[in-house]
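Undergrad: make a model of this:
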Amino acid sequence: MTTGLRRRELGKLKVDDIKFIDCETVHIYSIGKGGKHNRTVLKGIIAVAKLKEYISCAEKMNNDFLLTKAEARVPDGLHYCRAMCAQNTYYAVLQDMENDPAKRAEYIQKIKDEFKRCGRKLKENLDKPYRLRGYNREAALSIGKPIVYDRVAAMYVSLFILHHFRTNTTILHYLVK
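TA: This next block holds a predicted model:
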């Protein structure tokens, strides 16, 4: 739940693949679906502390991998764990931008830089909110979820947690859960 990584990525994650940027930011480098080189960016003191715990345990066992083989066999609820990580990150980014409006431009630049790094073209208008419609709108309302999402926060989650490169998948399959 801390990392939002897929099962295979978790099983192959080495301690050396985790880079602490500051007391609230961690970069995790992994090979994802299709052999993509992913950089997961985790924010928050709790995520940093939890990863430090795992690293400490791995180092005590002289293990290069973050998790043991048994720990890497994560439960079937992994999609739920990815969704929780996505939701936590979405709301943290949203709060960060609300607390300091200048941060919005920083997040937009990070998104543009990541698209460029991956050789992709950003096709979405980040200034326009994402509004659920039809069945998805009604489903969200029935479980008390928002029907309007901030595209900058959603795209940040899509790129740096889920590695999907599009807000619709992130919102429909991870944030509206």
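Undergrad: all strands of this protein, in order?
TA: Taking DSSP state E to define them, one finds strands in the chain at 18-22, 25-31, 37-43, 130-131, 148-149.
Undergrad: let me have those in JSON lines, adding distance to residue 171 as columns.
TA: Where you see a C-beta, it was placed from the backbone N, CA and C, and this is true even at glycine. Formatted as JSON lines, the strands of the chain follow (distance: least, Cβ to Cβ, whole Å):
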{"stretch": "strand 18-22", "distance to residue 171": "27"}
{"stretch": "strand 25-31", "distance to residue 171": "23"}
{"stretch": "strand 37-43", "distance to residue 171": "19"}
{"stretch": "strand 130-131", "distance to residue 171": "6"}
{"stretch": "strand 148-149", "distance to residue 171": "5"}
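Undergrad: out of the ones you listed, deepest packed?
TA: Sort those by mean neighbour count, taking mean count of other Cβ atoms under 10 Å, and strand 37-43 sits at the top with a mean of 19.
Undergrad: that one pairs with which strands?
TA: Next to strand 37-43 in the sheet, as set by DSSP bridges, lie strand 25-31 (antiparallel).
Undergrad: which pLDDT value belongs to residue 33?
TA: With respect to pLDDT, residue 33 has a value of 85.
Undergrad: give me every residue that touches it.
TA: 6, 163 (Cβ atoms under 8 Å, 6 or more residues apart in numbering).
Undergrad: in the lowest-mean-pLDDT helix or strand in the chain, what counts as buried?
TA: Least confident element among the helices and strands of the chain, by mean pLDDT, DSSP states H and E: helix 69-72 (a mean of 78). For helix 69-72, the buried set under the neighbour-count rule, 16 or more other Cβ atoms under 10 Å, comprises residue 72.
Undergrad: what's that helix packed up against?
TA: Packing contacts for helix 69-72, counted by 3 or more Cβ pairs under 8 Å, 6 or more residues apart in numbering; DSSP states H and E, involve helix 7-12.
Undergrad: if we can go back for a sec, mind checking which of the strands of the chain is nearest residue 119?
TA: strand 37-43 (11.6 Å; Cβ to Cβ).
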